[in-house]
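In: Kindly return the folded structure for what I paste below:
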Amino acid sequence: MNFVVQLEEYLRDLGAEARKNHPGVKEASERAILKLRSLQNQYVTAVRKASAQGDKHPDTTLFRSSDLLHPFLLAANYPNASSKLLDTSFKAMKSLMEANAICPGDGMNMVRVWIIQAHVVVSYSSTTTQQQQQQKKKLSKSSVNSDKSGYDTDASRDESLAGSAATTTTTTT
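Out: Below is the predicted model of the structure:
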C-alpha cells in the first residue's frame, strides 16, 4: 500500500506547485486523488475477497487508470513548467511504471511529453551556448581595445614603466 501513499503525496505536491501558474493541473490532481481513493477501496475489497477465498492477492495493476497519470502528463506538457513540477511529474510517472499501473495506450503520451521537455532542454542549452559565445566575443574585443589604449604588449608596458622609473630617479638627484 506504500504505492498509494506515495502516489497521493506526488499528486498533492503537484497540485500545490501548480496552484498559481497552472490551475488545470491543480484541478486534475484533485480529481486524480479522488480516483486514487476509489481505486484504493476497490483494491482493499479485492484483497479481502482473495484472503477469504484463499486466492492470491491482487497486484497494483488494479490501479491502471489514465485518470491517475493525466495530471502528471498535463504538467509535463508545459514547455515553461518549473523544475519542481517536472521533477514531481517524472518521479510519479516512474512510480506508476514500476507498479505496472500505466494503461497500455498511455505510453505514447508519456513519450510525447518527454520529447517536449527534451526539446526545451536542447533549445535552452543552445541558447545558453550562444550567449556564452557572445560574452566571450565581447570580452575578447574589450581586451583588444584595452591593449590598444596605451600598450601593445606586456613587454612595451614593462619598458615604459622602467623608463619612467629612470626618469624620476634622475630628476630627483
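
In: Now do the strand or helix carrying residue 43: which elements does it pack against?
Out: Using DSSP states H and E, the element containing residue 43 is helix 23-53. In terms of contact count using 3 or more Cβ pairs under 8 Å, 6 or more residues apart in numbering; DSSP states H and E, helix 23-53 is assigned the packing partners helix 2-18, helix 66-76. Where C-beta positions appear, they are placed from N, C-alpha and C, glycine not excepted.

In: Looking at the ones you listed, which is nearest to residue 98?
Out: The closest of the helices and strands packed on helix 23-53 to residue 98 is helix 2-18. By Cβ to Cβ, the value is 8.5 Å.

In: for the closest one, which positions count as buried?
Out: Taking 16 or more other Cβ atoms under 10 Å as the neighbour-count basis, helix 2-18 is seen to contain the buried residues 3, 4, 7, 8, 10, 11, 13, 14, 15, 17, 18.

In: Tell me the buried residues in stretch 99-107?
Out: 99, 101, 102, 106.

In: remind me, longest helix of the chain?
Out: Selection of the longest helix in the chain by residue count, based on DSSP state H, yields helix 107-148.

In: Quick one: the buried residues of helix 2-18 as a markdown table, columns for distance to residue 57 and pLDDT too.
Out: Putting those into a markdown table (distance: Cβ to Cβ, whole Å; pLDDT from 0 to 100) gives the following:
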| residue | distance to residue 57 | pLDDT |
| --- | --- | --- |
| 3 | 13 | 88 |
| 4 | 14 | 91 |
| 7 | 19 | 94 |
| 8 | 21 | 95 |
| 10 | 24 | 96 |
| 11 | 24 | 96 |
| 13 | 29 | 95 |
| 14 | 29 | 95 |
| 15 | 31 | 94 |
| 17 | 34 | 92 |
| 18 | 35 | 92 |
